[in-house]
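Visitor: generate a structure from the sequence data that follows.
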Amino acid sequence: MTTNDIPTVATGPKQRLRPSPEMARLQEQAPVHRVRTPAGDEAWLVTRYAELKQLLMDKRVGRSHKDPASAPRYMDNPFMDMLIIEGDGETGMREHTDMRSTLSPMFSLRRINALRPMVDASANELVDAMEAAGPPADLHRDFSMPFALNVLYGLIGVAPDKRGRMFELLGAMAVLTDPQSARDAGLAMSAFLNDLVAGKRSDPGDDVISRLIEAGLSDQVIATRCAGLLFAGLDSVVSHIDVGVVLLAEYPEQRAAAQADPTVLKHAVEEVLRTASAGDSSLPRYANADIEIGGVTIREGDLVLLDFTLTNFDPREFDRPEEFDVERHPNPHMTFGHGIWHCVGAPLARVELQSAFVTLFGRLPGLRPTTPLLDLDADSVSLSGGFNHLPVTW
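Guide: Numbering: from 1, shown residues only. From the prediction side, this is the model:
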């Protein structure tokens, strides 16, 4: 294959609820492909479940690169740059492990159970406002986004009077069409978070920032980790609420089964997580040594894209992968990663989705989108790739 023959991984709106035909063809052809990223660099795209799971367990793959300034990029964006750690594989893995051990208690079963009343209260308050205003509504603007933000702000420790500015900076950083403006917003966010951390040093609370301070981390490291948590925890939850509502409204019998049985509800959340791809799903990582996999050799320093959407629809792992089935069990989807790269915030995200669906369909039983799925306005200019709007009625 010549350089000109290398396929480009697109950003922006994905085909809803299944991989695009182009990506499905790549998956059928081979488990690992040489591709060109939106930033113009070459990378390896992992398309199949078995190989992705293998690499997620391989300590030779991580966030570190010996020369971050010259490292191949997935996207030209400050959020993506924050993911890169300077150093060798051992340094990167040690930092990753230390951060997981520090944050894990914030997402323990005890902690998540303590957060449930706050999560449920936030969902009900937003539905109160929707009911008061009456239909129609924009679910993305009126529920999904503020709901996910409220939970994250409380978890991280962002005071109410600072949340508007943080939301503004988050949106500016995620823009893909103006890299310089995104970088400027990234610098402003760094300063904003450093100020936030400084305030927590004198007035700590029961939140992520205070816990990271207790762990002895520097202000800059804490700021970077919090930005990463915001990015990872916001768009994923918002997109899965949006598309999950569309799916459950489209299959009323399955929705009713989920509402009637808490066990089926949990399975429904897992199926939404598997199928509801509403944004970009590739996790960028770097090879810290040469790796033989899927008939190719990934060289040290190469960029590796771990695509969760493709692997969640891999027919080698899932029976009838393109069917939405709330009673699918087991459901070993890769939406939250696996092994050492399993998302530490996954328990909270599951609680958020359960609360959102129970509250929305319990209080607004006729909730449904007013626009066909394929006609919904998708975000083509930011990292989220989710919906800009989700018009609904009830």
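
Visitor: off-centre distance for the helix or strand harbouring A182?
Guide: For A182, the host element (DSSP states H and E) is helix 179-202. For helix 179-202, the separation from the chain centroid amounts to 21 Å (computed by C-alpha atoms, centre = their mean, to the nearest Å).

Visitor: contacts for it, please.
Guide: Applying C-beta atoms under 8 Å, 6 or more residues apart in numbering, the set of residues contacting helix 179-202 from outside is 76-79, 81-82, 157-158, 162, 165-166, 169-170, 172-176, 207, 209-210, 213, 219-220, 222-224, 226-227. For every residue, glycine as well, the C-beta is placed using N, CA and C.

Visitor: one more: stretch 60-70?
Guide: 55, 71, 81, 83-89, 91-93, 95-96, 285-289, 291, 301, 304.

Visitor: same question for stretch 261-268.
Guide: Contacts to stretch 261-268, defined as C-beta under 8 Å, 6+ apart, come from residues 248, 254-255, 257-259, 326-329, 331, 350, 354, 357-358.

Visitor: now, which of those sits nearest P136?
Guide: Checking the contacts of stretch 261-268 against P136 with C-beta to C-beta, the nearest one is L248 at 18.1 Å.

Visitor: secondary structure class for the closest residue to that closest one other than its chain neighbours?
Guide: Nearest residue to L248 in three dimensions, chain neighbours excluded: R255, at 4.2 Å (C-beta to C-beta, 6 or more residues apart in numbering). Classification of R255 by DSSP: H, G, I helix; E, B strand; the rest coil places it in helix.

Visitor: now do the strands in this structure.
Guide: For the chain, the strands defined by DSSP state E occupy 32-36, 42-46, 61-62, 64-65, 85-86, 137-138, 282-287, 291-293, 296-298, 303-307, 368-369, 391-393.

Visitor: circling back: for the helix holding A182, buried residues please.
Guide: A182, A185, G186, M189, S190, F192, L193, L196, V197, K200 (16 or more other C-beta atoms under 10 Å).

Visitor: any idea how far A182 is from the closest residue to Q259 other than its chain neighbours?
Guide: For Q259, ignoring the flanking residues on the chain, the nearest one in space by C-beta to C-beta, 6+ apart is F361 at 6.0 Å. Separation of F361 from A182 (C-beta to C-beta, to the nearest Å) stands at 37 Å.

Visitor: how about H329?
Guide: Between H329 and A182 the distance, using C-beta to C-beta, works out to 41 Å.

Visitor: cool, Q220 as well?
Guide: 19 Å.

Visitor: got it, and I156?
Guide: 21 Å.

Visitor: what's the answer for I84, then?
Guide: 16 Å.

Visitor: what does A114 give?
Guide: 36 Å.

Visitor: try L52
Guide: 28 Å.

Visitor: pLDDT below threshold where in the stretch 251-394 of the chain?
Guide: Within the stretch 251-394 of the chain, the ranges that satisfy pLDDT under 70 run 277-280, 377-385.

Visitor: and stretch 95-109, how far out from the chain's middle?
Guide: Put simply, stretch 95-109 sits 18 Å off its chain's centre (C-alpha atoms, centre = their mean).

Visitor: for it, how far is the first residue from the last?
Guide: 24 Å (C-alpha to C-alpha, to the nearest Å).

Visitor: what about that stretch, average pLDDT?
Guide: Here stretch 95-109 scores 91 as its mean pLDDT.

Visitor: just give the closest residue to the residue nearest the centre of the chain, not the sequence neighbours.
Guide: For the chain, the residue nearest the mean C-alpha position is S236 (3.6 Å; C-alpha atoms, centre = their mean). Counting by C-beta to C-beta, 6+ apart, A349 is the residue found nearest to S236 once chain neighbours are left out, at 6.7 Å.

Visitor: likewise for E352?
Guide: That would be V237: by C-beta to C-beta, 6+ apart, it lies 5.4 Å from E352.

Visitor: please enumerate the helices of the stretch 51-200 of the chain.
Guide: 78-82, 89-103, 109-133, 139, 145-156, 163-173, 179-202 (DSSP state H, counting those that start in this stretch).

Visitor: and of those, who's closest to S281?
Guide: helix 78-82 (14.1 Å).

Visitor: OK, contacts around the closest residue to M99 other than its chain neighbours?
Guide: Using C-beta to C-beta, 6+ apart and skipping residues adjacent in sequence, the residue nearest M99 is R225, 6.4 Å away. By C-beta under 8 Å, 6+ apart, R225 lies in contact with M99, L103, L212, L217.

Visitor: over to I85?
Guide: Applying C-beta under 8 Å, 6+ apart, the residues contacting I85 are G62, R63, S64, H65, P68, T91, G92, E95, H96.

Visitor: rerun at 7 Å
Guide: R63, S64, T91, G92, E95 (C-beta atoms under 7 Å, 6 or more residues apart in numbering).

Visitor: out of the residues you listed, which end up buried?
Guide: For the contacts of I85, a burial check counting by 16+ other C-beta under 10 Å picks out R63, S64, G92, E95.

Visitor: for the nearest residue to the second one once chain neighbours are set aside, give its distance to D242.
Guide: This means S64. The shortest distance from S64 to any non-neighbouring residue, by C-beta to C-beta, 6+ apart, is to G92 (2.7 Å). Taking C-beta to C-beta as the criterion, G92 is separated from D242 by 33 Å.

Visitor: kindly report the same for Y74.
Guide: Separation of Y74 from D242 (C-beta to C-beta) stands at 24 Å.

Visitor: of those two, who's got more company?
Guide: Comparing Y74 with D242 by other C-beta atoms under 10 Å, the one with more neighbours is D242, at 26 against 22.

Visitor: ok, how many other residues are close to G228?
Guide: When neighbours are defined as other C-beta under 10 Å, G228 has 14 of them.

Visitor: tally of neighbours for the closest residue to it other than its chain neighbours?
Guide: What sits nearest to G228 in space, not counting adjacent residues and going by C-beta to C-beta, 6+ apart, is M82, at 5.9 Å. As a burial measure, M82 scores 19 neighbours (other C-beta under 10 Å).
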